[in-house]
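Trainee: need the 3D shape of this:
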Amino acid sequence: SAALPTTFRALADGADGAPPSWAQLRERALQTPTGARLAAEDAERANGGGPPHRAAKLRLFGHSPSDVRIKLYRDSAAWCPYCQKVWLQLEEKRVPYAVELINMRSYGDKPDEFLRKVPGGLLPAIELDGRIMTESLVIMQAIENAFPGTPALLPTDAEGLARANELLRLERALFSDWCALTFRSGLGAQRGFERTLDEVDAKLGETDGPWLLGGPIPSLVDLQYVSHVERMCASVPYWKGVVIRAAPGAPNAGRWPNIDRWFDAFEARPAYVASKSDWYTHVKDIPPQYGPGQRAGECAPYAASIDGLDGSWKLPLPPLASSPYLADQLQPGWGALEAGAAHEAAWRVLSNGPAIARFALRGAGTPGQKRFGAELADPYAVPAQGAIEADVDVLLRHLVRWLLDGGNTPDDAHFCTALVAGERDGGA
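Mentor: Residues are numbered from 1 along each chain as shown. All right, here's what the predicted structure looks like:
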């Protein structure tokens with residue numbers, strides 16, 4: 001039968017003290033400011049309110065459920081760049097909408113009901129007044145036409161539309177140059193990619209504010225750019241050693257100052273913060289969607305840091321502001337979320353404990369017969385059963401206790417050490 005590594009075994013057997021029950025942990029979490037806030041947000045979200053969130057199934061913006069004309073079908077992993085831009089548009093326009101989450105093909109099969117509506121299975125898709133649409137730019141234009149003043153994210157004058165179309169062509173050129181750089185061997189495409197980034201930076205510098213079309217809010221053009229440029233910022237250091245954006249003082253920081261300013265403006269907007277991903281997620285999700293990146297140039301230290309192989313994942317984690325690790329220095333924008341991060345992680349485990357346990361138990365279970373492209377994607381796996389189920393439950397409760405305590409007690413230090421040792425012994 002499945003068994004735990006020795007160091008994990010000691011924790012599960014009580015060498016670190018019996019952990020609190022799930023109910024006791026939930027009560028402790030609710031006594032923290034972060035836990036109380038997240039519980040209130042979860043309740044609001046269930047009724048279509050609260051701040052933007054990847055788990056939201058209904059967004060009303062003060063409207064009635066009867067006002068919802070759009071259902072957005074987007075990926076359950078909240079990673080798809082084409083879904084992200086439509087999601088951002090609906091949030092920025094505050095258009096009431098419902099959400100149905102659908103797997104990307106690399107994560108699992110799509111439900112038959114969705115395939116009957118969208119035979120090709122394309123994401124994103126929307127149902128607007130009963131009509132199904134696919135292709136992100138087609139969808140975004142349809143939303144602009146159906147909700148023209150909520151506010152408008154595209155200009156209506158000839159000059160403004162001409163600039164928008166020019167910038168959209170430049171975005172396609174940038175995407176093409178990124179593909180040539182990332183998915184081919186050698187560094188010959190680097191100069192072309194950087195020249196196109198220079199053009200984008202120059203275009204951003206032509207407006208008074210941070211946005212490509214000016215004005216107080218991002219336009220549809222900005223949304224078209226950001227979903228892919230966000231992924232470029234992660235992928236080109238990882239595979240080519242080329243840095244687009246970094247915290248001040250980090251390597252290559254400030255080369256494209258208007259792109260930095262543009263990202264800073266996006267990271268002040270709750271919808272973007274809710275939709276963006278970290279770089280590790282990007283470099284793991286890009287290959288099954290676009291193909292494998294080809295490593296070249298000076299990528300080794302960046303790849304090692306993003307993968308956590310340089311010590312950057314060693315517990316306890318250092319504060320972002322003083323972290324010596326490249327992966328932390330190259331991902332500005334997360335610092336505002338750091339203060340309550342441990343308590344937020346504890347709350348999410350408390351909210352989804354059984355599913356997390358089943359996922360962990362798959363590592364000691366039976367792999368599914370049907371395989372999918374994304375790393376760790378195995379929806380048909382059979383989780384291990386028996387005594388190990390109780391052991392994993394105990395370990396998860398220890399983990400939540402450690403997160404709530406912040407690693408400030410001797411027991412927490414022991415648990416942290418045991419986790420690291422358990423990974424060395426072959427734990428998952």
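Trainee: domain parsing for the chain?
Mentor: 6-43+337-424, 45-146, 158-216+219-268+279-313+320-330 (automatic domain parsing).
Trainee: and the strands in the stretch 101-250 of the chain?
Mentor: For the stretch 101-250 of the chain, applying DSSP state E, counting those that start in this stretch gives strands covering 125-128, 131-134.
Trainee: residue 359 is nearest to which of the ones you listed?
Mentor: strand 125-128 (27.3 Å; CB to CB). Heads up, the C-betas are built off the backbone N, CA and C, glycines and all.
Trainee: what sits up against that closest one?
Mentor: 69-73, 86, 117-118, 132-134, 139, 142-143, 146 (CB atoms under 8 Å, 6 or more residues apart in numbering).
Trainee: report the buried members of these.
Mentor: The neighbour-count criterion (16 or more other CB atoms under 10 Å) marks 69, 70, 71, 72, 73, 86, 118, 133, 134, 139, 142, 143 among the contacts of strand 125-128 as buried.
Trainee: start and end of stretch 293-308, how far apart?
Mentor: 18 Å (CA to CA, to the nearest Å).
Trainee: quick one: the helices in the stretch 251-400 of the chain?
Mentor: Secondary structure of the stretch 251-400 of the chain (DSSP state H, counting those that start in this stretch): helices located at 257-266, 270-275, 279-290, 300-306, 326-329, 341-362, 387-405.
Trainee: to residue 80, which of those lies closest?
Mentor: Closest of those to residue 80 is helix 279-290, at 7.9 Å (criterion: CB to CB).
Trainee: what's the closest one packed up against?
Mentor: helix 158-182, helix 220-240, helix 300-306 (3 or more CB pairs under 8 Å, 6 or more residues apart in numbering; DSSP states H and E).
Trainee: looking at these, which is buried most?
Mentor: Comparing the helices and strands packed on helix 279-290 on average neighbours per residue, with mean count of other CB atoms under 10 Å, the densest one is helix 220-240 at a mean of 24.
Trainee: so how many other residues sit close to the residue lying closest to residue 36 once chain neighbours are set aside?
Mentor: For residue 36, ignoring the flanking residues on the chain, the nearest one in space by CB to CB, 6 or more residues apart in numbering is residue 30 at 5.8 Å. A total of 13 residues lie near residue 30 under the criterion other CB atoms under 10 Å.
Trainee: quick check, residue 30 in contact with residue 37.
Mentor: No: here residue 30 does not reach residue 37: they are 10.2 Å apart, not a contact under CB atoms under 8 Å.
Trainee: gap between residue 132 and residue 116?
Mentor: With the distance defined as CB to CB, to the nearest Å, residue 132 ends up 10 Å from residue 116.
Trainee: looks to me like residue 72 is in a strand.
Mentor: Yes: assignment of residue 72 by DSSP: H, G, I helix; E, B strand; the rest coil places it within a strand.
Trainee: tell me which of the helices and strands packed on helix 279-290 approaches residue 46 most closely.
Mentor: Among the helices and strands packed on helix 279-290, helix 220-240 sits nearest to residue 46 (CB to CB), with 27.2 Å.
Trainee: from the contact counts, what lies against that closest one?
Mentor: helix 81-93, helix 136-146, helix 158-182, helix 190-204, helix 257-266, helix 279-290, helix 300-306.
Trainee: switch the cut-off to 7 Å
Mentor: helix 81-93, helix 158-182, helix 279-290, helix 300-306 (3 or more CB pairs under 7 Å, 6 or more residues apart in numbering; DSSP states H and E).
Trainee: columns distance to residue 20 on top of those helices, output as TSV?
Mentor: Below are the helices and strands packed on helix 220-240 laid out as TSV (distance: least, CB to CB, whole Å):
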stretch	distance to residue 20
helix 81-93	37
helix 158-182	47
helix 279-290	30
helix 300-306	35
